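Undergrad: A predicted structure for the sequence below; I have some questions about it.
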Amino acid sequence: MPNPDEAKKSNKDASDLLMEDFHQFAESFWKNEQTGETRVNWFIGIVAAAAGGLFGLGSGEHGPSGAQLRLIVVVSLFALLAFGIGTLFRMIKRNATTDDYLRGLNIVRKLFNEHFDNDDVLFDYKPVGRRKQLSDTAAPSSKKPRAFGGLADTVLTINSLLVAGLAGAIVYPFHDSSFRGVTDDEAFIWTYLAGAAAFVSAFTGQYKFVRMRDRRSLEEPGVKKTLTHAGGVVYQMADEQAQYLLVGGSVEKPNEWLLPKGHIKKGEHPTVTAVREVGEEAGVFACPICLIGRNDFTAPNKEHVRADYYLMERLSEIPREEKRRVRWFEYDEALKIITYPNDKRLLQRAERTRSANAKILPG
């Protein structure tokens with residue numbers, strides 16, 4: 001059995017590490033937010049200053065006119081647009097970084113809640129609940145982009161205005177001889193129409209692109225975006241000693257001992273999967289207590305497996321559907337005989353959790 005003092009020290013070290021990571025994520029999150037706002041403010045200031053300069057240049061009595069003025073306006077607006085496109089890509093990157101930091105904060109809260117909040121003080125604590133789609137267990141179809149109004153939307157709107165200005169500058173005659181026969185009213189009408197069409201096209205294209213990148217950033221990096229399997233580390237008490245359930249593999253190998261797990265069915269919660277798979281593979285009905293860890297690996301058939309495991313307590317025997325070897329082992333023996341290092345790690349964590357939380361797991 002693990003030493004209680006060592007278990008407490010290990011829990012404190014893990015808690016301290018989570019708190020340090022939380023502070024790092026929070027600090028990085030706000031720095032990223034401030035950097036984005038500063039960059040957009042600079043962009044707005046430059047565009048405003050350039051617009052004022054072009055207006056003054058065009059309205060001056062002794063300034064350039066005709067084709068010369070058109071060239072100056074078009075080149076200036078094109079340069080501002082290039083700067084705006086670069087700023088937009090920086091905002092897209094900033095949004096993706098923000099999602100990473102929020103995901104990290106959510107994961108830290110989740111781990112702290114599951115492993116250190118024994119009194120359920122933090123139950124259903126979701127300070128960033130509106131962004132709950134950042135959870136790494138969310139289905140891709142549930143991930144929704146941001147509402148309109150962020151910094152990226154501000155930049156794409158200004159870019160669209162610059163495109164509209166470019167279109168208008170190209171169409172408006174500027175008293176150019178090449179536009180002979182066009183009245184002032186007609187020139188203004190064509191300028192407004194060209195500007196409006198250019199604005200709508202530029203806005204629509206940028207908006208769709210930003211939202212596509214936004215949805216992509218909400219997906220957790222990795223080969224597989226969602227959980228594929230769930231299983232259980234199941235224990236029972238016998239003569240005040242914890243015994244753990246191990247099963248043989250689906251392909252019979254005499255020396256292979258595993259923790260029971262299986263595929264998550266469509267719409268099924270991982271805890272339901274864990275209960276079902278333990279019953280099917282081992283003929284044991286068990287109650288999930290808490291999440292204790294995750295395995296990520298590539299199976300021999302090239303399938304990527306992402307499995308959550310729950311500490312579970314045996315309640316009763318039920319008919320089993322699969323013909324596997326099933327045995328109960330005391331902790332020390334199970335730790336020696338279990339086949340894979342990741343399963344060994346989960347078993348160690350399960351025993352620490354079981355023995356350290358007498359209130360949740362009496363006996």
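TA: Nice, I can see it.
Undergrad: residue ranges of the strands in this protein, please?
TA: With DSSP state E as the criterion, the chain has strands at 229-238, 241-247, 261-263, 284-298, 304-317, 326-330.
Undergrad: Tell me which of these sits most buried.
TA: Neighbour counts (mean count of other C-beta atoms under 10 Å) averaged over each of the strands of the chain peak at strand 229-238, with a mean of 23. To be clear about C-beta, it is placed using only N, CA and C from the backbone, and glycine gets the same treatment.
Undergrad: what about stretch 246-262, distance to the chain center?
TA: Distance, stretch centre to chain centre, for stretch 246-262: 33 Å (C-alpha atoms, centre = their mean, to the nearest Å).
Undergrad: what ranges of this protein fall below the confidence cut-off?
TA: Using pLDDT under 70 as the threshold, the predicted model of the chain has low-confidence ranges 1-11, 58, 60-66, 111, 113-145, 173-187, 218-225, 250-252, 357-363.
Undergrad: Mind splitting it into its structural domains?
TA: Each domain of the chain is listed here as a residue range: 4-217, 229-356, per automatic domain parsing.
Undergrad: wait, doesn't Cys232 sit right on Pro288?
TA: Actually, residue 232 is Gly. It isn't Cys. Yes - the pair formed by Gly232 and Pro288 meets the contact definition of C-beta atoms under 8 Å, at 7.0 Å.
Undergrad: Overlap of the contact sets of those two?
TA: Common contacts of Gly232 and Pro288, defined by C-beta atoms under 8 Å, 6 or more residues apart in numbering, comprise Ala274, Val275, Tyr310, Leu311, Met312.
Undergrad: Tabulate those residues (a markdown table), appending distance to Arg211.
TA: As requested, the shared contacts of Gly232 and Pro288 are arranged in a markdown table below (distance: C-beta to C-beta, whole Å):
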| residue | distance to Arg211 |
| --- | --- |
| Ala274 | 36 |
| Val275 | 38 |
| Tyr310 | 36 |
| Leu311 | 40 |
| Met312 | 41 |
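Undergrad: Between those, which sits nearest Ile44?
TA: Of all the shared contacts of Gly232 and Pro288, Ile44 sits closest to Tyr310, with 50.8 Å by C-beta to C-beta.
Undergrad: these two touch, right, that closest one and Cys287?
TA: No - in this structure, Tyr310 sits apart from Cys287 without contact. The criterion is C-beta under 8 Å, and the distance is 9.5 Å.
Undergrad: In JSON lines: the strands of the chain, plus distance to Leu347.
TA: Output for the strands of the chain, formatted as JSON lines (distance: least, C-beta to C-beta, whole Å):
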{"stretch": "strand 229-238", "distance to Leu347": "6"}
{"stretch": "strand 241-247", "distance to Leu347": "6"}
{"stretch": "strand 261-263", "distance to Leu347": "13"}
{"stretch": "strand 284-298", "distance to Leu347": "9"}
{"stretch": "strand 304-317", "distance to Leu347": "9"}
{"stretch": "strand 326-330", "distance to Leu347": "10"}
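Undergrad: Quick one: closest of these to Phe188.
TA: Closest approach to Phe188 among the strands of the chain is made by strand 304-317 (60.5 Å; C-beta to C-beta).
Undergrad: returning to what we had before: mind picking the two most distant members of the shared contacts of Gly232 and Pro288?
TA: With distance counted by C-beta to C-beta, no two of the shared contacts of Gly232 and Pro288 lie farther apart than Val275 and Leu311, which are 12.6 Å apart.
Undergrad: Which residue, neighbours along the chain excluded, lies closest to Thr154?
TA: On the basis of C-beta to C-beta, 6 or more residues apart in numbering, the spatially nearest residue to Thr154 that is not a chain neighbour turns out to be Val40, at 6.0 Å.
Undergrad: residues touching the one you found, list them.
TA: Val40 touches Thr87, Met91, Leu151, Thr154, Val155, counting by C-beta under 8 Å, 6+ apart.
Undergrad: cutoff 7 Å now
TA: With C-beta atoms under 7 Å, 6 or more residues apart in numbering as the criterion, the residues that contact Val40 are Thr87, Leu151, Thr154, Val155.
Undergrad: So which of those belong to helices?
TA: Residues of the contacts of Val40 located in helices (DSSP state H): Thr87, Leu151, Thr154, Val155.
Undergrad: Could you check how far the last one is from Asp214?
TA: When you say that, I think you mean Val155. Val155 is 14 Å from Asp214, where distance means C-beta to C-beta, to the nearest Å.
Undergrad: which one of those two has more residues nearby?
TA: Remark: of Val155 and Asp214, Val155 carries more neighbours, 26 against 19, as counted by other C-beta atoms under 10 Å.
Undergrad: Ignoring the adjacent residues along the chain, who's closest to that one?
TA: Of all residues not flanking Val155 in the chain, Leu88 sits nearest, at 4.7 Å (C-beta to C-beta, 6+ apart).
Undergrad: Give me the neighbour count for that neighbour.
TA: The burial metric for Leu88, expressed as a neighbour count using other C-beta under 10 Å, is 23.
Undergrad: Would you quantify the distance from it to Ser160?
TA: When C-beta to C-beta is applied, the distance between Leu88 and Ser160 equals 11 Å.
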